[in-house]
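A.B. asks: only the shape, not the letters, is given here:
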């Protein structure tokens, strides 16, 4: 999390007896073509304190940005950092760590308790808390699996028991380099809900959270004409680093997109290639490549620029340009 060492406490219309206040942390303003978060309102204000005051009074506001160039104040229901498509030098971003009013507490999504002292361990817990019927059915949420030392932010689909994005490719957002080392694929990279890979360390921690669950990988694709499809790979088994993060499934439903996933293969990167054909180097990204000359029938960590190393998926999407590709981790009780 890219947090600057600047803390402010905004006590707006403060009633000392009832302790009404908001506590904010200054975060980062990033340049990207898409925001990927939920805007509540955009208003014009005099200064940053007025913007903070508006966020304080709006119960669902958990983050705000203020841009001095045009005096714009934007309120968001989730997320940590703010995004601008242009020059962000005149903009500041703040996350609400806690907002307290009589009988009401606002926490960053994922945190809960009278002082926001607790955190959910995965999206399933958010579903169990009934967040799927509130204003946050799809949102950026903080989680901390049991095996994780620190919380991290994920995109949850709380309409499912445990819907979490593990890979996002979106051509509408700014580019992200996916030709990364094994270490980088272990840690994760990119911007959540834009172009990102969650990282094997976090993915395994989420799976280990629920030993009694059956996990499914959902692959959702969309082409340049707006056509879409969804594949489901059920009974996920993901090995650890000693076994190269090999992936396998019990069954699949691939009638929608066509089956282009190589089952039972380890994950190759340019510096840790499990093939005899330098597949990761040739294709320009890490993937579960087959040990054969053509390497794979599906590839979602390439470029999205119309090059020879673009993402592709053979089957119903043959010869189509992929504009968006998403991999979800979905859990259900066995």
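C.D. replies: That came in fine, so what should we check first? All values reported here derive from a predicted model rather than from experimental measurement.
A.B. asks: next, count neighbours for residue 31.
C.D. replies: Neighbourhood size, residue 31 [other C-beta atoms under 10 Å]: 11. To be clear about C-beta, it is placed using only N, CA and C from the backbone, and glycine gets the same treatment.
A.B. asks: now residue 62
C.D. replies: With other C-beta under 10 Å as criterion, residue 62 counts 30.
A.B. asks: give me the low-pLDDT residue ranges for the stretch 1-150 of the chain?
C.D. replies: 1-18, 36-37, 88, 132-136 (pLDDT under 70).
A.B. asks: how about the helices in it?
C.D. replies: 48-57, 123-128 (DSSP state H, counting those that start in this stretch).
A.B. asks: take these and lay them out in CSV including mean neighbour count.
C.D. replies: CSV is the format used below for the helices of the stretch 1-150 of the chain (neighbours: other C-beta atoms under 10 Å):
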stretch, mean neighbour count
helix 48-57, 20
helix 123-128, 23
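A.B. asks: with distance to residue 313 added, can I get the ones you listed in CSV?
C.D. replies: CSV is the format used below for those (distance: least, C-beta to C-beta, whole Å):
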stretch, distance to residue 313
helix 48-57, 42
helix 123-128, 26
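A.B. asks: out of those helices, which is closest to residue 208?
C.D. replies: Among the helices of the stretch 1-150 of the chain, the nearest to residue 208 by C-beta to C-beta is helix 123-128 (12.9 Å).
A.B. asks: tell me the helices and strands packed up against that closest one.
C.D. replies: strand 138-143, strand 152-157 (3 or more C-beta pairs under 8 Å, 6 or more residues apart in numbering; DSSP states H and E).
A.B. asks: can you list those strands in CSV and add mean neighbour count and distance to residue 281?
C.D. replies: Listed next are the helices and strands packed on helix 123-128 as CSV, based on neighbours: other C-beta atoms under 10 Å; distance: least, C-beta to C-beta, whole Å:
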stretch, mean neighbour count, distance to residue 281
strand 138-143, 23, 34
strand 152-157, 23, 30
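A.B. asks: now the host helix or strand of residue 164 against strand 152-157, angle please.
C.D. replies: Using DSSP states H and E, residue 164 sits within strand 163-170. Angle, strand 163-170 to strand 152-157, by axes from the mean of the first three to the mean of the last three C-alpha atoms, to 10 degrees: 100 degrees.
A.B. asks: which among the helices and strands packed on helix 123-128 is found nearest to residue 234?
C.D. replies: It's strand 152-157; of those, that one is closest to residue 234 (C-beta to C-beta) at 17.1 Å.
A.B. asks: all set, thanks.
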